[in-house]
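1. would you be able to build a 3D model of this:
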Amino acid sequence: MTADGTPESEPDDAASDARPNEDDAGVESLVAVLATALRVLARFLAVGGSLALAGLRVGVACARDDANQRRARRWLLLEGDRWTVVAAMVLGIFVGSLALGLTNVIGVRESSFVTTMFSTIIAGLFSFIPLVIAVNQLTVSRLFGTPDRLRERIDGVHEFRLDVEALATDVDVGPTDPAAFLRLVARETGDRAVALQSVAGEAGDDEARARLSEFAASVAARADRITDRVGTSDLPVFAVLLPVMNDDYSRQFNRTRRLRARFGGALPDPADDLLAELQSALVSLDVTRQYFKTIYLRQELARLSRLLAYSGTAAFLTSTLVVMIYASGYPPAISETALLLLVTVSLAVAFSPLAILFAFVVRVATVVKRTSAPGAFTPPGERPSHAR
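-> Residues are numbered from 1 along each chain as shown. Sure, this is the predicted structure:
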């Protein structure tokens, strides 16, 4: 009480009046922070969306580009490492099945579904047994023969080596390494082409000079590319075969015949002799390609049969393990996450024989198709547009 009897004002009244003002200020600052955060997030999403759209456009443009499509097809069919193709396929099955399991599109609690799926896989794996046997028969069918037939084959190879050595000017005995042997044949072909280019100016006809120079330049350039690709020794047979995969030797051989037939009288004797030697060299290149193709196919088919046996056994054992785990219904002692990983990994392992078969058979079939007609004919499918 004061001296005049009026009650004293409480000091908390002023504090209570100031507290709402402080709360309002705090709310306003929070709203301002949230607004700023939302603006930043919107800006970030806009920038991210623009980058994603630009990346999608670039990806579509790259995918639709003919050169990129040719490179992709060539990588898948020929140049790509087969284990990379297998790993990509198996990883795709694993990631896809894991994503479907995590989103409950497919469940691991359905024991009847899991056992039925892996039982079907086990039944399908038995079809790989006759497949492996058939591949082995293809591999060993040409290895058997009487001593006379084996001697004929060896004599044929020896005679071919003598023909190549006769073309070489500085080699008495040709190398046995495939890369070095192909390098020798390509080098001799290029040397003949360069010599033909140097004497083309002596032709008595302007058209003959132009045709000879253009033909010799193209053959020399191609021979140089082959020599550069097989510049090192101890290369795998497929690495030796790849540089000569899409060469059209029959067309080049026929061009030499046309040049000699059309400009025979206008050609100087050195040019005619060089054209004849180029014919022999081109035939030697084609024979070399076909022989190395035979060696590669034997090695690749033998490797494929071994890999199918290994992966098929692993797939069979893994699938059997999953069926045994689910034999009495859903196993309660194992967590659902562990079961999902078990099923997805087992499914990827069970898919591995098919992935191996696809990766290797695609390349074998491509090699056979690209070199199916040695000699004076070039079927349309032997040199598709994406291989040129």
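2. isn't residue 86 up against residue 352?
-> Yes: counting by CB atoms under 8 Å, residue 352 is a contact partner of residue 86 at 7.0 Å. (Glycine included, C-beta is placed from N, CA and C.)
3. residue 175 contacts residue 185, correct?
-> No: with contact defined as CB under 8 Å, residue 175 does not reach residue 185; the gap is 10.7 Å.
4. these two: who's more crowded?
-> Set residue 175 next to residue 185 and count neighbours by other CB atoms under 10 Å: residue 185 wins out with 25 against 14.
5. that one in helix, strand or coil?
-> Counting by DSSP: H, G, I helix; E, B strand; the rest coil, the backbone at residue 185 sits in helix.
6. now swap in residue 176 and tell me
-> What three-state DSSP gives for residue 176 is coil.
7. what pLDDT does the model give it?
-> Looking at residue 176, its pLDDT is 86.
8. give me the number of residues near it?
-> Count around residue 176 with other CB under 10 Å applied: 8.
9. residue 179 too?
-> Residues near residue 179, counting by other CB under 10 Å: 21.
10. do you know how far it is from residue 36?
-> Computed as CB to CB, to the nearest Å, the residue 179 to residue 36 distance reads 66 Å.
11. cool, residue 238 as well?
-> On the measure of CB to CB, residue 238 and residue 36 end up 61 Å apart.
12. please say which of the two ends up with more neighbours.
-> Taking other CB under 10 Å, residue 238 and residue 36 do not tie; residue 238 has more neighbours (20 against 10).
13. chain center to the host helix or strand of the more buried one: distance?
-> Using DSSP states H and E, residue 238 maps to helix 237-241. With CA atoms, centre = their mean, to the nearest Å as the basis, helix 237-241 stands 15 Å off its chain's centre.
14. alpha carbons only: can I get the helix or strand following that helix in PDB?
-> Per DSSP H and E, the first helix or strand lying C-terminal to helix 237-241 is helix 249-262. Extracted in PDB, the C-alpha atoms of helix 249-262 (Å, rounded to 0.1, in the frame of the first residue of the first chain):
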ATOM      1  CA  TYR A 249      39.600 -57.600 -98.800                       C
ATOM      2  CA  SER A 250      37.500 -59.000-101.600                       C
ATOM      3  CA  ARG A 251      36.600 -55.600-102.900                       C
ATOM      4  CA  GLN A 252      40.200 -54.500-102.700                       C
ATOM      5  CA  PHE A 253      41.300 -57.600-104.500                       C
ATOM      6  CA  ASN A 254      38.700 -57.000-107.300                       C
ATOM      7  CA  ARG A 255      39.900 -53.400-107.600                       C
ATOM      8  CA  THR A 256      43.400 -54.600-108.400                       C
ATOM      9  CA  ARG A 257      41.900 -56.900-111.100                       C
ATOM     10  CA  ARG A 258      39.900 -54.100-112.600                       C
ATOM     11  CA  LEU A 259      42.900 -51.800-112.600                       C
ATOM     12  CA  ARG A 260      45.000 -54.300-114.500                       C
ATOM     13  CA  ALA A 261      42.100 -55.200-116.800                       C
ATOM     14  CA  ARG A 262      41.100 -51.600-117.700                       C
END
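15. what mean pLDDT does helix 249-262 get?
-> Rounded mean pLDDT across helix 249-262 is 84.
16. now the helix or strand just after it: mean pLDDT?
-> Counting by DSSP H and E, the element after helix 249-262 in chain order, helix or strand, is helix 269-325. In this model, helix 269-325 has an average pLDDT of 89.
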